[in-house]
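Undergrad: Just a sequence and a predicted model for now, questions to come.
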Amino acid sequence: MSSRIRARGAKTAASVHTVHIPRQRGRRGAQPFVVVVPERPSLIREALGAFGRVLWRFRGALAPTTLAVLAWPLTAILHAVAWWSGLLLAPLAVLPLLWLLIMQRRRPARAAVLAWRAGLASLAAVAGAWVALAAGFGPLAGPLALFWLLTWLTAQTAWLIVRRTH
């Protein structure tokens, strides 16, 4: 940044920039002109700032949404770079079901605990299947967008229910 233009004062939404115009020729004894121009943020910048503050405030409650939104570009990149990565990711869909069987064997559960374990395992299996299919065929292929939407909605709802009860 030029030494002639420099932000001065506290860091606020509307900062003030001071612009010094150098002396003109022929006016040796005169002081330079000082022009102060207030910088007002645009309406879009203020709206995006407010939206960002709301997202930051509720970042814990929106964890499944963040993961679901980040899964789109990740699977699109995997599909573009190596479509066969879907074959490598396919076992991810089976791992939660194996976890359920192992947990039920080691620590048998009944009723509500078993229902939560089964629900969590099936949701994780569905998410793993979506990642594998989206990496193989692309995140927008066929009904994968609807599949993603339903999985995200279920995960976000379950997350909010679990966070309320604990």
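TA: Looks like it came in fine.
Undergrad: lowest average confidence, helix or strand, in the chain?
TA: strand 5-8 (a mean of 51; mean pLDDT, DSSP states H and E).
Undergrad: Could you list the low-pLDDT ranges of this protein?
TA: Along the chain, segments meeting pLDDT under 70 span 1-35, 165-166.
Undergrad: show me the residues around the residue nearest to the spatial centre of the chain that make contact.
TA: The residue lying closest to the centre of the chain (C-alpha atoms, centre = their mean) is Thr66, at 4.1 Å. Residues near Thr66 by C-beta atoms under 8 Å, 6 or more residues apart in numbering: Arg59. (Each C-beta comes from the backbone N, C-alpha and C, glycine too.)
Undergrad: Val37 belongs to a strand?
TA: Yes - counting by DSSP: H, G, I helix; E, B strand; the rest coil, Val37 is part of a strand.
Undergrad: Near it, how many other residues are there?
TA: With neighbours defined by other C-beta atoms under 10 Å, the count for Val37 comes to 9.
Undergrad: Pull up the gap between it and Glu46, please.
TA: Val37 sits 19 Å away from Glu46, going by C-beta to C-beta, to the nearest Å.
Undergrad: for the chain, what spans make up the strands?
TA: 5-8, 16-21, 33-38 (DSSP state E).
Undergrad: What segments of the chain are helices?
TA: For the chain, the helices defined by DSSP state H occupy 43-57, 63-81, 85-89, 95-106, 111-137, 144-165.
Undergrad: ok, the residue lying closest to Ser122 once chain neighbours are set aside - contacts?
TA: The spatially closest residue to Ser122, leaving aside those adjacent along the chain, is Pro96, at 7.5 Å (C-beta to C-beta, 6 or more residues apart in numbering). Pro96 makes contact with Leu120, Ala121, Ser122, Ala124, Ala125, Gly128 under the criterion C-beta under 8 Å, 6+ apart.
Undergrad: Check the residues you listed and tell me the two furthest apart.
TA: Farthest-apart pair in the contacts of Pro96 is Leu120 and Gly128; separation 12.4 Å (C-beta to C-beta).
Undergrad: who's more crowded, those two?
TA: Regarding Leu120 and Gly128, a neighbour count based on other C-beta under 10 Å identifies Gly128 as having more, with 19 against 16.
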